[in-house]
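Visitor: This is the structure alone, sequence omitted:
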């Protein structure tokens, strides 16, 4: 063998289908990446600042502080997951 990998017919069809599905999804995610990154990062930072302010101001006695921090922290992690999906599809 000369080192090249030969695909069977079902393998070649599967690779073609994967490429046809992967490329449009990758392009869409790539186009949305700057908007998602800026949006979710802004929501995460401003939301955490607001949650800390509301908690320590005492204006809302039953404010779900830990739930809000968890939610806004997850908003901060979404750009990382988006980048991981881009790497997977690239």
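Guide: In hand now; what should we look at? Because the structure is a prediction, the values reported are computed rather than measured.
Visitor: can we go C-alpha only for contacts and neighbour counts from here?
Guide: Noted.
Visitor: Counting neighbours, what do you get for residue 75?
Guide: 20 (other CA atoms under 10 Å).
Visitor: got it, and residue 45?
Guide: Counted with other CA under 10 Å, the neighbours of residue 45 add up to 15.
Visitor: Next: the one 5 residues further on.
Guide: Neighbour count for residue 50, taken as other CA under 10 Å: 14.
Visitor: That one is in what secondary structure piece?
Guide: Using DSSP states H and E, residue 50 falls within helix 9-57.
Visitor: Show me what that helix is packed up against.
Guide: Judged by 3 or more CA pairs under 8 Å, 6 or more residues apart in numbering; DSSP states H and E, helix 9-57 is in contact with helix 65-89.
Visitor: Just the angle for the helix it packs on relative to helix 9-57, thanks.
Guide: On the basis of axes from the mean of the first three to the mean of the last three CA atoms, to 10 degrees, helix 65-89 is oriented at 160 degrees to helix 9-57.
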